[in-house]
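Asks: One predicted model, sequence on top.
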Amino acid sequence: MEIKDAVFVYQMKDTQDVEWHNRVHTHGSNEYELHYFLQGEGTFRSGTTLYNISKGSLFITAPNEVHTVNSTNLSKPLTYYAVLLETKGDDLEIKNLLEKELKNSNYYKIGTNYRFFFEEIRDNGLSESKNLKKSANFQLLSFLYKLIETPDDINIGEKENIHIEKALMIMQNSVFDEMTLGELSDKLLLNESYFIRLFKKKMKISPMKYFTKLKIEAASSMLSSSTELIYEIAIKLHFYSEFHFSRVFKMYTGLSPGKYRKEYSHILGNKKL
C-alpha cells in the first residue's frame, strides 16, 4: 500500500476551489480515497448515495466509485483532508479488508480529534524520505484496521477531552483573528497553566504553536488556490509584517511563501485528488 497524494483544504470558499472539489470524478482500479471533514456544511455523494457532511465525518471511496464533494453553505465553508492511497499487487489482505468493509459502509463518524493524525499522514506521506513515507503508510494501515474492527469505538475518549475539543474549534474558527493565550483560556474558563498542561498532554504541542500552525495551514491553502498577494495574506492572518509571516511560514514548511506558491499552485489544475 502506498499514499499517492494528500491535501488539506482549508475553508473551501474560493470560487475556483469550490468548482474543482465539486467535480464528479473517480480514481483508478487500485485506488481508495479518504475524506476527513473538520467543519463546514455540505454533502458527499458516493455512487448513488448522498450523505450530509458533519464535523468528524470520514468517507472512504472504492476504486472506480463516482464521488463528489459539494459545499452547500459558503458562509460555513468546508475544511477537510483528502488522502489517496494505492494498493499493490501483493496487497491482497489489505484489498480484501477494504473491499469487504466497503460493501457495508463507507461513512464513519470519528470525531474531530484526528486533525494531527491526518496532518502527520500528509507531511510524512509526501516526504522525500523513504522512511517517513513508510511510517505514514503503516500509520494509515493501522488506522484502517482499527476503524474496520471497531468503528463505534474509534473516538473513545472524545467526551473526556471536552476542553481540548472546544479549544480546537475556537482556534479553528479564529484563524483570521488575533487571539492570546489568556483570551483562549478565558473562553474555556480554565487557568492558563492548567490549560497548557492539558493541551500539551493531548496534542503534544503548546496551544499557541498549534494556533500558529493553523494559520500556516490557512496560508498554504490561500497561496496554492488564490492570487492574493503575500503581504495581503500576512495582513489577513494578523502577522506583524510580511517579513514575519515569511519567516514563520518557512519555519513550518521549509519553503518561503513565494517558493511554496510556485511549487504548489499547480494544484487546482493538476492534482490527483
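Replies: The structure has been received and is ready for your questions. Worth saying up front: this structure is predicted, and the values here are computed from it rather than measured.
Asks: Assign residue 80 to helix, strand or coil.
Replies: Reducing the assignment at residue 80 to three states with DSSP: H, G, I helix; E, B strand; the rest coil gives strand.
Asks: Now do the same contact list for the spatially closest residue to it that is not a sequence neighbour.
Replies: Of all residues not flanking residue 80 in the chain, residue 37 sits nearest, at 4.4 Å (Cβ to Cβ, 6 or more residues apart in numbering). Backbone N, C-alpha and C define where each C-beta goes, glycine included. Taking Cβ atoms under 8 Å, 6 or more residues apart in numbering as the criterion, residue 37 is in contact with 44, 53, 54, 55, 56, 57, 58, 78, 79, 80.
Asks: The fifth one is in contact with residue 109, isn't it?
Replies: So that's residue 56. Yes: checked against Cβ atoms under 8 Å, the pair residue 56 and residue 109 is within contact range at 5.8 Å.
Asks: which regions of this structure sit below the pLDDT cut-off?
Replies: By pLDDT under 70, the weakly predicted segments of the chain are 13-18, 20-21, 100-105, 150-161, 266-273.
Asks: Show me what the most centrally placed residue in it is bridged to.
Replies: For the chain, residue 81 is the residue whose C-alpha lies nearest the centre (Cα atoms, centre = their mean; 3.1 Å). Beta-bridge partners of residue 81, counted by DSSP bridges, are residue 8, residue 36.
Asks: from now on call the first residue 22
Replies: Fine by me, first position is 22 from now on; the one you just mentioned is residue 102.
Asks: Shouldn't residue 221 be within a strand?
Replies: No: when classified by three-state DSSP, residue 221 is found to be helix rather than part of a strand.
Asks: and the gap between it and residue 185?
Replies: Using Cβ to Cβ, to the nearest Å, one gets 10 Å for the distance from residue 221 to residue 185.
Asks: Same drill for the two, tell me which one is more crowded.
Replies: Neighbours were tallied for residue 221 and for residue 185 using other Cβ atoms under 10 Å; the higher tally belongs to residue 185 (19 against 14).
Asks: what residues are up against the more buried one?
Replies: Under the criterion of Cβ under 8 Å, 6+ apart, the neighbours of residue 185 are 134, 219, 220, 223, 224.
Asks: among the residues you listed, who's most crowded?
Replies: Of all those, residue 220 has the most neighbours under the rule other Cβ under 10 Å, reaching 26 neighbours.
Asks: How about the contacts made by the spatially closest residue to that one that is not a sequence neighbour?
Replies: Closest residue in space to residue 220, ignoring its immediate chain neighbours: residue 228 at 4.7 Å, by Cβ to Cβ, 6+ apart. Residues in contact with residue 228 (Cβ under 8 Å, 6+ apart) are 188, 192, 202, 205, 216, 217, 220.
Asks: Surely residue 189 is in a helix?
Replies: Yes: secondary structure of residue 189, determined by three-state DSSP: located in a helix.
Asks: can you count the residues close to the residue nearest to it when sequence neighbours are not counted?
Replies: Leaving out its chain neighbours, the residue that sits closest to residue 189 by Cβ to Cβ, 6+ apart is residue 133, at 6.5 Å. The burial count assigned to residue 133 is 19, neighbours taken as other Cβ under 10 Å.
Asks: Is residue 133 in contact with residue 186, as I believe?
Replies: Yes: between residue 133 and residue 186 a contact is recorded at 6.6 Å, counting by Cβ under 8 Å.
Asks: This completes my enquiry, with thanks.
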